[in-house]
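Engineer: Test case, fold it:
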Amino acid sequence: MRHVTYRPAPGVRWTIEDDGLLLDDGTGHIAKVGYPDAAIWDLMVRGYRHGKLVELVTHIASLDESAADELVAECLELWAERGVLRKEVAADG
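Structural biologist: This is a model prediction of the structure:
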């Protein structure tokens, strides 16, 4: 079985703040990421897989599972498109 993980791209830095996080893409462009998206970033960099991210986001953002799944997928896809995440596909085992 294969699974997809995401890792911050080389050079990307972030700082957690009370109301979200500041994300530096490594080129000097800094973006403010609010909640619940900031929580998704934090959980993702801690190594949680997609299914567990969705489970936790249902509680964090008071969403049903379908809406949480959509939010997690949208955030990961957007960050990958913007180059701040690196998508990795690996075989389990």
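
Engineer: Just the helices from the protein, written as ranges.
Structural biologist: With DSSP state H applied, the chain shows helices at 37-45, 50-60, 65-81, listed in chain order.

Engineer: Save those as TSV, and put in mean pLDDT too.
Structural biologist: What follows is the helices of the chain, written out as TSV (pLDDT from 0 to 100):
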stretch	mean pLDDT
helix 37-45	95
helix 50-60	95
helix 65-81	96
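
Engineer: so can I have a markdown table of those showing mean neighbour count?
Structural biologist: Every residue, glycine included, has its C-beta placed from N, CA and C. Converted to a markdown table, these look like this (neighbours: other C-beta atoms under 10 Å):
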| stretch | mean neighbour count |
| --- | --- |
| helix 37-45 | 20 |
| helix 50-60 | 17 |
| helix 65-81 | 16 |
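
Engineer: Adding distance to Val12, write the ones you listed out as CSV.
Structural biologist: Output for those, formatted as CSV (distance: least, C-beta to C-beta, whole Å):
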stretch, distance to Val12
helix 37-45, 10
helix 50-60, 18
helix 65-81, 9
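
Engineer: Just tell me which of those helices ends up closest to His3.
Structural biologist: helix 50-60 (8.1 Å; C-beta to C-beta).

Engineer: Now do that closest one against helix 65-81, angle only.
Structural biologist: Using axes from the mean of the first three to the mean of the last three C-alpha atoms, to 10 degrees, one finds that helix 50-60 and helix 65-81 are set 120 degrees apart in direction.

Engineer: how much space between the spatially most central residue of the chain and Ser62?
Structural biologist: Within the chain, the residue whose C-alpha comes closest to the C-alpha centroid is Trp41; the distance, by C-alpha atoms, centre = their mean, is 3.4 Å. Distance from Trp41 to Ser62, counting by C-beta to C-beta, to the nearest Å: 19 Å.
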